[in-house]
Every structure is written in C-alpha cells, then in structure tokens.
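In: No sequence on hand, only this structure:
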C-alpha cells in the first residue's frame, strides 16, 4: 500500500525535487542551528573571502558525523527525509483533493506536530537538545532533561514516529480517498 502511493506520487519529477529540497534544507537547518552565532560572524566578516565562507558553511555539515551520536544522527536524518516525503505526499494529496473538494486538516496537523516535536529533540552530544534545552534553561528547569532516559532525545524519536504515522496515513488516503460511491 505504501509503495503504491509512493510510486503514484514520485512518478512525477516535481515531487522528487520537492522532497529533496525540503530534506536538504531541513538537515541544513538542523545542523547549522547550534552554530548560528559562529556562522553569522564568519559570513558577515569583511576579512574572509566568499570562497572560504562557502567552504566553511559546507564544512559545518560535517558535525553530523563528529558531534552527534549515531542514534541522534539517525533520527535527525530520518526526520529530514520524512519531512520531505510528508511535504510531497501532502502536496499531492491537497492538489488531488481540491478536485474532490475535500482535505483532511488532521493530516496536516499531525505532520506539523511530528516536525515540531522532532525539532525539539535535535541536538549533538556536546550541547544536548538545542531548542528544548534552551527553553528549559530560560524557564530554569533544564535539569528535568537529565531525568529522561535519553536526555531529551525522546522528542526526536517522537517526531520520527509522528512523521512516520503521517506518512502511512497520507499513503493510505492517496490510495483510498475518502469519497462516497456513486
């Protein structure tokens, strides 16, 4: 069922391109977020030439192999890929459903919820969960993350699971749209 829906969607090249672009932008944002201050200072520096700035930008993507545990790297990459797949499937579903005048908003909310919870759990071995730890530090309750079994990585796993559920549901809806028999 899933393969049938994926084949139906990805036989159109625009959906392949959307998936790749969304996945690459997502993984870039997730990897560059912990280093945003350094990246901004390098890019805005007038003494560094643009070739070096560009090389530095791409070299920061190597933190996936150096700073992340294999577990965190795996769910980070899965999150980016599943988000790209979800955006393409949802776009296909909405375009097709417009002809049928029926869109299920719960699918959109589940996909957004999966991405948000996944973003909360993104982090490297050195700084932990970037966004969630920052929010907890702001509230003065960062110590709560130490009591979780995976120190906050649960949110990344939850994001992958929610995006997987959304992918399954979207594939199901693409194969068997909710319509009344004539």
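Out: Received it, and whenever you're ready, just let me know what you need. Please read these numbers as outputs of a predicted model, since none were measured by experiment.

In: hang on, residue 48 in a helix?
Out: No - counting by DSSP: H, G, I helix; E, B strand; the rest coil, residue 48 is not found in a helix; it is coil.

In: Numbering from 34 from now on, please.
Out: That works, and once the first residue is 34, the last one we named lands at residue 81.

In: my guess is it contacts residue 75, does it?
Out: Yes - the pair residue 81 / residue 75 is scored as a contact, 6.3 Å apart, by Cβ atoms under 8 Å. From N, CA and C alone the C-beta is placed, and that goes for glycine too.

In: residues in contact with residue 45?
Out: Applying Cβ atoms under 8 Å, 6 or more residues apart in numbering, we find residue 45 in contact with residue 125.

In: That one and residue 83, how far apart?
Out: Residue 45 is 36 Å from residue 83, where distance means Cβ to Cβ, to the nearest Å.

In: In the helix or strand hosting residue 127, which residues are buried?
Out: Element membership for residue 127 (DSSP states H and E) is helix 103-133. For helix 103-133, the neighbour count (16 or more other Cβ atoms under 10 Å) marks 105-106, 108-126, 129-130 as buried.

In: Quick one: the strands in the chain, in order.
Out: Under the criterion DSSP state E, the chain contains strands at 156-157, 161-162.

In: what about this protein, any weak spots by pLDDT?
Out: Counting by pLDDT under 70, the chain has low-confidence residues at 132-186, 210-215.

In: how near is the residue nearest to residue 111 when sequence neighbours are not counted to residue 116?
Out: Closest residue to residue 111 apart from its sequence neighbours, by Cβ to Cβ, 6 or more residues apart in numbering: residue 193 at 4.9 Å. Distance, residue 193 to residue 116, using Cβ to Cβ: 10 Å.

In: do the same with residue 202
Out: 15 Å.

In: again with residue 207
Out: Remark: distance between residue 207 and residue 116 (Cβ to Cβ) = 17 Å.

In: With residue 37 instead?
Out: Distance, residue 37 to residue 116, by Cβ to Cβ: 22 Å.

In: Same check on residue 90?
Out: Computed as Cβ to Cβ, the residue 90 to residue 116 distance reads 21 Å.

In: my read: residue 93 touches residue 69, true?
Out: No - between residue 93 and residue 69 there is no contact under Cβ under 8 Å: 10.1 Å.

In: who has more neighbours, those two?
Out: The neighbour comparison of residue 93 against residue 69 (other Cβ atoms under 10 Å) goes to residue 93, with 17 against 11.

In: Contacts only, for that one.
Out: 64-65, 68, 72.

In: Backbone dihedrals for residue 79, both of them.
Out: Dihedral angles of residue 79 (phi, psi; degrees, to the nearest 10) stand at phi -80, psi -10.
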